[in-house]
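K.L.:
after the sequence you'll find the predicted model.
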Amino acid sequence: MRKAGVGPDPTPLILSHGWPWTFWHWSKVIDPLADPASYGGDPADAFDVIVPSLPGFGFSTPLTGQPDMNFWKIADVWHELMTEVLGYDRYAAGGCDVGALVTGQLGHKYADELHGIHIGSGLKLEFFNGDRAWDFSGGHPIPPNLPPEVHARIVELDRKFASHLATHVLDPSTLGFGLADSPAGMLAWLLERWSKWSEGEPFSKDDLLTHATIYWAGNAIDTSIRTYANNNRYPWTPSHDRTPIVEAPTGITFVGYEDPPGVTTPEERVQHFLASDRAPWYNHINLTAHPNGGHFIPWEVPTEWVDDLRRTFRSAKS
């Protein structure tokens with residue numbers, strides 16, 4: 001999907017979705033990003049918006065001869081698309097979920113050819129490395145004597161993600177082949193993530209069926225799930241030893257429904273990130289947290305996402 005920018009000097013922008021996302025999860029932000037004046041914005045903020053479907057997702061199937069595709073290899077494909085196929089000298093990148101890792105890798109390996117990146121999380125690029133990458137807790141038990149609300153939040157997050165990560169990393173094809181044979185099974189697996197990871201009810205039945213049909217019609221459920229295992233089987237390795245590891249100017253949008261244990265306000269969310277071991281990975285220039293919004297950020301809070309992304313690239317290009 002490509003939407004030409006309407007403005008004096010549109011910035012090329014590639015957007016990377018995640019799982020169980022599709023390229024259509026960007027549909028609410030494409031027009032405002034490409035034609036800001038039509039939405040009350042400044043034409044100087046216009047982007048040429050490029051929204052591909054990740055390899056193995058949607059209609060980017062089958063993965064003939066590419067069974068090892070993972071997030072950092074997708075970044076190489078994206079860079080070739082933007083610089084060699086589309087001919088841009090420099091471009092911007094944005095992403096959420098696994099797409100944030102794709103985007104982070106672009107900001108790491110190709111920083112000199114990027115204006116910057118804007119992502120919906122601040123994970124380390126080595127997130128999937130190691131023997132227990134499938135364990136959201138990292139193999140650590142819940143510490144004793146925590147405040148009850150913190151303990152409850154840890155358990156809540158574990159229950160949201162434990163089976164997801166473990167199955168996708170350890171048994172992707174066992175699950176994938178079963179879901180590829182059953183539209184009801186596939187829809188159930190997708191629906192559980194869409195309902196548990198989003199805030200409120202941001203999807204209509206038509207929305208859910210649209211996203212699910214993209215997976216089903218492209219026979220993409222198995223190859224999309226396999227990406228998780230490949231992220232672990234073929235570990236991320238750095239392209240350089242400079243710091244920050246992601247040198248491209250970086251903006252990050254945080255949302256309230258994904259607040260970590262002990263965090264209750266947007267201000268606390270930003271400070272929590274700055275105090276973490278993830279912050280030094282990024283050349284962050286724009287950190288914004290919102291009290292609302294769930295995992296599917298550009299779908300659930302599209303106006304906030306657009307504003308945050310525009311602010312990142314105003315700063316990155318100034």
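P.N.:
Yep, that arrived. Residues are numbered from 1 along each chain as shown.

K.L.:
can you give me the neighbour number for Lys28?
P.N.:
When counting by other C-beta atoms under 10 Å, one arrives at 16 neighbours for Lys28. Heads up, the C-betas are built off the backbone N, CA and C, glycines and all.

K.L.:
now it: closest residue in space that isn't a chain neighbour?
P.N.:
Closest residue to Lys28 apart from its sequence neighbours, by C-beta to C-beta, 6 or more residues apart in numbering: Pro302 at 4.0 Å.

K.L.:
elements contacting the helix or strand hosting Asn230?
P.N.:
Element membership for Asn230 (DSSP states H and E) is helix 221-233. Where contact means 3 or more C-beta pairs under 8 Å, 6 or more residues apart in numbering; DSSP states H and E, helix 221-233 is packed against helix 98-109, helix 148-170, helix 172-180.

K.L.:
if you compare the ones you listed, which one is most tucked away?
P.N.:
Across the helices and strands packed on helix 221-233, the average number of neighbours (mean count of other C-beta atoms under 10 Å) peaks for helix 98-109, which reaches a mean of 27.

K.L.:
dump the C-alpha coordinates for the next helix-or-strand element following that helix into CSV.
P.N.:
Toward the C-terminus, helix 98-109 is succeeded by strand 114-119 as the next helix or strand (DSSP H and E). Taking Å, rounded to 0.1, in the frame of the first residue of the first chain, the C-alpha atoms of strand 114-119 are listed here in CSV:
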residue,chain,number,x,y,z
LEU,A,114,17.2,7.5,7.9
HIS,A,115,15.7,10.7,9.1
GLY,A,116,14.7,8.8,12.2
ILE,A,117,12.2,6.3,13.6
HIS,A,118,9.0,6.3,15.6
ILE,A,119,7.9,3.2,17.5
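
K.L.:
quick one: mean pLDDT over stretch 38-53.
P.N.:
For stretch 38-53, mean pLDDT is 97.

K.L.:
break this protein into its domains for me.
P.N.:
Split into domains by automatic domain parsing, the chain comes to 2-129+234-317, 148-233.
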